[in-house]
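> Sharing a model prediction with you, sequence too.
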Amino acid sequence: MTPVELSRTVLCAVRRAVDDGELSVAVPARAVVTPPGPGGSGDYATNIALQLARPAGRSALQVAEILRSHLRDTAGVADVEITGPGFLNIHLEGSGATASLVREILQGGGGDAAARQGILRTGINGINSDPAVDSQRDVDSHRDVDSSTDPDGSTDADRDTDADGNTDIDREADVDSDARVDREADVDSDARVDREADVDRGADVDSDVHLDAAPRRNSHPYGHTPTLQGRVIPLRVPYEVRAEVVADSLVRIIATQGGRAEVDHVRAGERVDLRPVPAPEDPAPLGADAARWALLYPAPHDRPRITADHLLQRESNPLFRVRYAHARARALGRNAGRLGFDAVPGDLADVTAADPLVRALAEYPNALTQAAAHRAPDRLARHLVAVADALLAFQHTVLPLGDEKPSAAHRARLALAVAAGTVLAGGLSLLGISAPDYL
C-alpha cells in the first residue's frame, strides 16, 4: 500500500465513521500520511484525529479510537497504534510497504516530463529555466561516473576516503579535463542515443526497471496531488531577478497540486504576493543551473549567496550533491545491467541504510505540498538534498561485491536507488534545473 493509497484508506475510514453516526464531521478532502516522527511507530502515521477533534466536539484520542477500529478492518493494514495526543500509527501487512512505494515512484515517474508540458518558460537575465536545454549545454562537461568498474562490481565513485581526507565525491571532481574528454569519447553511441531519447520524452525510469505489470505511467507523477485542484493562485511579483525565478518555479510546483499560478509584475509601491530578499548581484555569470539554485535554495527571507561555491564539484556544495546523487543512480542502473540484473521492487528489511532513503522518498509528496502551500521552493530544494544524502549513503549496498551473485535483495536495492534518482530528476526539473545522467 502506497502513501497515496493509505491516504485514501484513512479518508474511507472517516467516511465509514460518519456514515455509522460515530462522528459528525465533514469528510476532509485530504489526509496527510507521512513516516512516523520521534516517538511514533509503524510504517506511516497521520494526524487526522487531531484535525477532526474540534469539529467533532471530541478529544483527539476519542476520534483516534473511533478511526482505529475502522482502519484495522482494512485489507493490507496489520495494526494501528495511537501515540501522543492522538496520532494514528499504521503498521502495514508483510514487508510490502517499501516495495509499493518504489513501484509507485517508478510507474508514476518524478514529474519532469509533466513539468515541461504546457508551461511557458522564460529566460530571466540569461537564466534559462528549461532543464532540457541546460542539459545540452552541460554535455561537454559531463563525465561518466561509472567509467571504470572493479571486479567486485563497484565503481571508482564507490571508493572510500583517501589518505588526504578527500571523499570519493571530491576526488571525482579533481580529474583533469583531458581525461574527461577521453572518457566522453569512449561512451558508445547507443548510450548517447539513449540519453538523448530520455531528454526528448522526459523519461525518469531506466529501461531496465522491471515492474509487476506492463510499464505504464500513472495518471499523476509521484508526489502530485489534487490539493489545489481548480484553484488559481495569483503571484504578483516585483521586477527583480530572484522574485521572477521563484515565481517561475512556483508555477510548476503549484501545478503539481492541481492549481494554476498566474504571474503578474507590479511596480514599486504596489501590493505584491512574493518579495524574497533580492540577490546582492547578478547571478547570471554562475550559469543557468547554479544561478537558479543560488536563488531558490535559501529561504525567501534569507539573502542568497552569489558566489562561485555553487560551481564547486565538492561534497560541501548541496547542488553538486543532488546532481551527483542522480548521476550515481543512473550509473548504478548501467553497472547492474553489465552484471546481468535489473531493478525489481522488493523487501529491504535487511539493509538499515535504506531506512533514511525510504523515509525521504515517502515524505517527498508532503514536501511538494508544503512548497506550494507556503510559496516556498526552498522547501523542495532542501528536501532534494535530504534525498540525495540518503541515496549517497545507501548506494554502496546496491551492487554485488566480489564473487557475490546478484540476488533478489540486490534487485530491490537497485529499484530503490533508481526510484530515488527518479525523484531527484523530477524535483530538479520543477526547480528548472537540469539532472544530467553523467556528471
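Received, thanks.
> ok, how many other residues are close to residue 400?
By the criterion of other CB atoms under 10 Å, residue 400 has 17 neighbours. From N, CA and C alone the C-beta is placed, and that goes for glycine too.
> what's the answer for residue 15, then?
Residue 15: 13 surrounding residues under other CB under 10 Å.
> Report the buried residues of the host helix or strand of it.
Per DSSP states H and E: residue 15 is located in helix 3-19. Judged by neighbour count (16 or more other CB atoms under 10 Å), helix 3-19 contains these buried residues: 3, 4, 6, 7, 9, 10, 11, 13, 14, 16, 17, 18.
> For that helix, which helices and strands make contact with it?
strand 33-34, strand 44-46, helix 48-56, helix 60-72, strand 87-92, helix 96-108 (3 or more CB pairs under 8 Å, 6 or more residues apart in numbering; DSSP states H and E).
> In JSON lines, list those along with mean pLDDT, mean neighbour count and distance to residue 412.
Shown next, in JSON lines, are those (pLDDT from 0 to 100; neighbours: other CB atoms under 10 Å; distance: least, CB to CB, whole Å):
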{"stretch": "strand 33-34", "mean pLDDT": "87", "mean neighbour count": "22", "distance to residue 412": "22"}
{"stretch": "strand 44-46", "mean pLDDT": "90", "mean neighbour count": "24", "distance to residue 412": "19"}
{"stretch": "helix 48-56", "mean pLDDT": "93", "mean neighbour count": "20", "distance to residue 412": "31"}
{"stretch": "helix 60-72", "mean pLDDT": "92", "mean neighbour count": "20", "distance to residue 412": "27"}
{"stretch": "strand 87-92", "mean pLDDT": "88", "mean neighbour count": "22", "distance to residue 412": "16"}
{"stretch": "helix 96-108", "mean pLDDT": "85", "mean neighbour count": "23", "distance to residue 412": "7"}
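> where does the stretch 201-350 of the chain dip in pLDDT?
Across the stretch 201-350 of the chain, the ranges flagged by pLDDT under 70 are 201-219.
> A strand includes residue 420, no?
No: if the criterion is DSSP: H, G, I helix; E, B strand; the rest coil, then residue 420 is helix and not within a strand.
> Quick one, grab the pLDDT at the nearest residue in space to it that is not next to it in sequence.
Excluding its sequence neighbours, the residue lying closest to residue 420 (CB to CB, 6 or more residues apart in numbering) is residue 391, at 4.4 Å. Looking at residue 391, its pLDDT reads 96.
> Report the buried residues of the helix or strand where residue 391 lies.
In the assignment (DSSP H and E), residue 391 maps to helix 377-394. By neighbour count with 16+ other CB under 10 Å, helix 377-394 contains the buried residues 377-392, 394.
> starting at the chain centroid, how far to that helix?
7 Å (CA atoms, centre = their mean, to the nearest Å).
> Make CSV from the helices and strands packed on helix 3-19 and add distance to residue 25 to it.
CSV is the format used below for the helices and strands packed on helix 3-19 (distance: least, CB to CB, whole Å):
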stretch, distance to residue 25
strand 33-34, 18
strand 44-46, 15
helix 48-56, 5
helix 60-72, 9
strand 87-92, 16
helix 96-108, 28
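> out of those, nearest to residue 308?
helix 96-108 (34.4 Å; CB to CB).
> Now do that closest one: which elements does it pack against?
So helix 96-108, by 3+ CB pairs under 8 Å, 6+ apart, packs with helix 3-19, helix 354-362, helix 408-430.
> Check the offset of it from the chain's centre.
So, by CA atoms, centre = their mean, the centroid of helix 96-108 is 13 Å from its chain's centroid.
> 33 is where my numbering starts, stick with that
Done: numbering now begins at 33, and the last item shifts to helix 128-140.
> Please report the distance of the nearest residue in space to residue 38 that is not next to it in sequence from residue 75.
Closest residue to residue 38 apart from its sequence neighbours, by CB to CB, 6+ apart: residue 65 at 4.9 Å. Taking CB to CB, to the nearest Å as the measure, residue 65 falls 10 Å from residue 75.
> Could you name every residue contacting both of the two?
Listed as contacting both residue 65 and residue 75 by CB atoms under 8 Å, 6 or more residues apart in numbering are residue 122.
> ok, and the closest non-adjacent residue to residue 343?
residue 322 (5.4 Å).
> Against which helices or strands is the strand or helix carrying that neighbour packed?
Assigned by DSSP H and E, residue 322 belongs to helix 320-328. Under the contact definition 3+ CB pairs under 8 Å, 6+ apart, helix 320-328 sits against helix 163-170, helix 273-288, helix 350-371, helix 409-426.
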